[in-house]
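> here is my input; please provide its structure:
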Amino acid sequence: MPFIGLIVAIAAAGAAATLWLARPIPIDAKRREALTEAVAAVDRELAANLELMTMFDQTRQAVVLENGEFARYRETIEREARGVAEAVTTLYARIPDTEAAMERRGPANSLRDEDRQLIEGWEGDAREAQRSLRRSLDAGPASGWPAVTARLRSRSPRR
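Numbers count the residues shown, from 1 in each chain. Presented below is the predicted three-dimensional model:
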């Protein structure tokens, strides 16, 4: 019977340690401010690009899409909003192909179907990237299993 008591005590200690490790990790105000600034800048840039795409839709004259703000804030977004960073990075990597598709025009400024799909796909993905970036600001502090793994790795995802 004393052996069972020891097992129960060990299990209780393990559960208590896990609960302690699973408590929410506070969000560092400076890192939160940096993410807010980065998201706002890239959101504005995407909005400008979407406006340029609207002009292209109306005139069929190729436009040059902006990418300076993303280049400036890429590291911050990758560090603070990992779930969104890959989609936004991929979107910006597709800019040269999208611009090339806008430049390829046929008679009477017509577009090939594959170019139209590429351009419209970029536009839709840009809108989704905007929404995802904005949602990343709503993320609360890491808690539960992500907090446990972050603490065990001696790093905080939001610090």
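> buried residues, the longest helix belonging to the chain. List them.
For the chain, the helix with the greatest residue count under DSSP state H is helix 29-59. Within helix 29-59, the residues that qualify as buried by neighbour count (16 or more other C-beta atoms under 10 Å) are 31, 34-35, 38-39, 41-43, 45-46, 49, 52-53, 56. Quick note: C-beta positions are derived from backbone N, CA and C, even for glycine.
> would you check that L91 makes contact with A126?
Yes. Assessed by C-beta atoms under 8 Å, L91 is found in contact with A126 at 6.1 Å.
> what is in contact with these two at once?
Taking C-beta atoms under 8 Å, 6 or more residues apart in numbering as the contact rule, L91 and A126 have no neighbour in common.
> follow-up on the earlier one: could the buried residues of helix 29-59 be laid out in TSV, adding pLDDT?
Below are the buried residues of helix 29-59 laid out as TSV (pLDDT from 0 to 100):
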residue	pLDDT
R31	86
A34	94
L35	93
A38	96
V39	96
A41	97
V42	97
D43	97
E45	98
L46	98
N49	97
L52	96
M53	96
F56	94
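> just put those in JSON lines and tack on distance to L133.
Conversion of these to JSON lines gives the following (distance: C-beta to C-beta, whole Å):
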{"residue": "R31", "distance to L133": "16"}
{"residue": "A34", "distance to L133": "14"}
{"residue": "L35", "distance to L133": "10"}
{"residue": "A38", "distance to L133": "9"}
{"residue": "V39", "distance to L133": "5"}
{"residue": "A41", "distance to L133": "10"}
{"residue": "V42", "distance to L133": "6"}
{"residue": "D43", "distance to L133": "6"}
{"residue": "E45", "distance to L133": "10"}
{"residue": "L46", "distance to L133": "8"}
{"residue": "N49", "distance to L133": "13"}
{"residue": "L52", "distance to L133": "18"}
{"residue": "M53", "distance to L133": "18"}
{"residue": "F56", "distance to L133": "23"}
